[in-house]
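*Asks:* Structure of the sequence below:
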Amino acid sequence: MNEQPTILVTGVNGQVGYELLRGLQGLGRVVGLDRAALDLADLDRVREVVREAKPAIIVNPAAYTAVDKAESDEAAARRLNAEAPGVLAEEAARCGAALIHYSTDYVFDGTKDAPYAEDDATNPQNVYGATKLEGEQAIAASGCAHLILRTSWVYGRRGKNFLLTMLKLGAERPELRVVADQFGAPTWSRSIAAASAHIVAQGLASQRGGDAAWWRERSGIYNLTAGGATSWHGFTQTILDIAMGDKAPNVVPIPASDYPVPARRPTNSRLASQKLAQTFGLRLPTWDEALRICLED
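*Replies:* Residues are numbered from 1 along each chain as shown. Here you go, the predicted model:
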């Protein structure tokens, strides 16, 4: 009887990591590591943990995600978003593991008037986006078998995210003023984890028994977002309509210029996901369908 493959998952207390730890159960021996078990800022420890675990697959949702704070904390953002993924990729190449890593719509400048494809030119407008792009480049340069999954506007029922902030403010205030001229696809952390688990299952069920060749043939960048698109204002309005109904506060649309923040955001964060569908047969639900399930869960 073949021994179960080890699937190493970082950042399991984060929005996506929490869902991955549950979604990957049954596919192998899942080793979930929170920050206490593996601080990605300690690169020597990263190498040590991977060498001890001898994983077949490394799944890395851990990241520095405080977009505005990153503007004044560039070194820490670069360590977690660029240097640590690079080390994970080097170790994956060393032991023949496949690496699944998550990136962001913020690698683009948002000036395109259509959804971004995977091979469109990148031009990040903030430190977070720049360091995430550096992480992508480090992974590609390592030569490991890898999937880089770019997602956008991630939310869930735990941690810090836009959904939870709006639910809190909606219960406290009679009126909310929300940016209406930035567009993207709010993507539920559980949808991301479910799609990732489907990909892992395909890899492990392949005729080659899930070895690195299957992953190598499919290595590259894939957009992974919910279907459709909305603005932050539209997202907020839908959140509060579902959660509060007639008791929802008034949601006033404002331009981004009326809500200055340290980090510049793309106007257009829409990502085209055809490549994911063509390669893995996967297409996420529309953002509003997923949101309703999330809120009713």
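*Asks:* ok, which stretches of the stretch 151-297 of the chain are strands?
*Replies:* 154-155, 175-179, 183-184, 187-188, 220-223, 230-231, 250-254 (DSSP state E, counting those that start in this stretch).
*Asks:* elements contacting the second one?
*Replies:* If you count contacts as 3 or more CB pairs under 8 Å, 6 or more residues apart in numbering; DSSP states H and E, strand 175-179 packs onto helix 162-172, helix 232-244, strand 250-254. From N, CA and C alone the C-beta is placed, and that goes for glycine too.
*Asks:* now the longest one: how far from the chain's centre is it?
*Replies:* It refers to helix 232-244. Remark: helix 232-244 is offset 22 Å from the chain centroid, using CA atoms, centre = their mean, to the nearest Å.
*Asks:* And the helix or strand of the chain with the lowest mean pLDDT, what does it pack against?
*Replies:* Least confident helix or strand, the chain: helix 212-218 with a mean of 89, by mean pLDDT, DSSP states H and E. Judged by 3+ CB pairs under 8 Å, 6+ apart, the packing partners of helix 212-218 are strand 145-151.
*Asks:* tell me the mean pLDDT for the strand it packs on?
*Replies:* Across strand 145-151, pLDDT averages out at 98.
*Asks:* What strands flank that strand, and is each parallel or antiparallel?
*Replies:* Within its sheet, and counting by DSSP bridges, strand 145-151 is paired with strand 98-104 (parallel), strand 220-223 (parallel).
*Asks:* Surely D109 touches P266?
*Replies:* Yes: with contact defined as CB atoms under 8 Å, D109 counts as touching P266 (6.1 Å).
*Asks:* of those two, who's got more company?
*Replies:* Each of D109 and P266 has its neighbours counted (other CB atoms under 10 Å); P266 has more, 25 against 17.
*Asks:* picking up where we left off before, show me which of the strands paired with strand 145-151 has the highest average neighbour count.
*Replies:* The highest mean neighbour count among those, using mean count of other CB atoms under 10 Å, belongs to strand 98-104: a mean of 26.
*Asks:* What about P285, how many residues nearby?
*Replies:* 17.
*Asks:* no wait, A226
*Replies:* So A226, with other CB under 10 Å, has 28 neighbours.
*Asks:* Quick check on it: phi, psi?
*Replies:* phi -60, psi 160 (degrees, to the nearest 10).
*Asks:* residues contacting it?
*Replies:* Listed by CB atoms under 8 Å, 6 or more residues apart in numbering, the contact partners of A226 are A185, P186, T187, W188, S191, L284, P285, T286, W287, A290.
*Asks:* wouldn't Q125 be in contact with Y106 here?
*Replies:* Yes: at 7.5 Å, Q125 counts as touching Y106 under the criterion of CB under 8 Å.
*Asks:* rewinding a little: out of the helices and strands packed on strand 175-179, indicate the one that is most buried.
*Replies:* By mean count of other CB under 10 Å, the helices and strands packed on strand 175-179 have helix 232-244 as the most buried, with a mean of 20.
*Asks:* Give me the contacts around it.
*Replies:* 153, 162-163, 166-167, 170-171, 176, 178-180, 182, 186, 230, 248-249, 251, 253-254, 287-288, 291-292, 295-296.
*Asks:* where exactly do the helices run in the protein?
*Replies:* Taking DSSP state H, the helices of the chain run over residues 15-23, 43-53, 67-70, 74-78, 84-95, 127-142, 162-172, 189-205, 212-218, 232-244, 274-280, 287-296.
*Asks:* so where's the chain uncertain?
*Replies:* Within the chain, the stretches with pLDDT under 70 are 1-2, 207-212.
*Asks:* redo that, cut-off 50
*Replies:* Low-confidence segments of the chain (pLDDT under 50): 1, 210.
*Asks:* quick revisit: let's have the helices and strands packed on strand 175-179 in a markdown table, adding distance to E91.
*Replies:* Shown next, in a markdown table, are the helices and strands packed on strand 175-179 (distance: least, CB to CB, whole Å):
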| stretch | distance to E91 |
| --- | --- |
| helix 162-172 | 33 |
| helix 232-244 | 38 |
| strand 250-254 | 46 |
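*Asks:* What's opposite A98 in the beta bridge?
*Replies:* I57, A145.
*Asks:* one step back: looking at the contacts of A226, spot the one nearest A36.
*Replies:* W188 (26.3 Å; CB to CB).
*Asks:* if I look at the closest one, how far off is A145?
*Replies:* In this structure, W188 and A145 are 27 Å apart, going by CB to CB, to the nearest Å.
*Asks:* out of the two, which sits in the more crowded spot?
*Replies:* W188 (28 against 24).
*Asks:* which non-adjacent residue is nearest that one?
*Replies:* A290 (4.4 Å; CB to CB, 6 or more residues apart in numbering).
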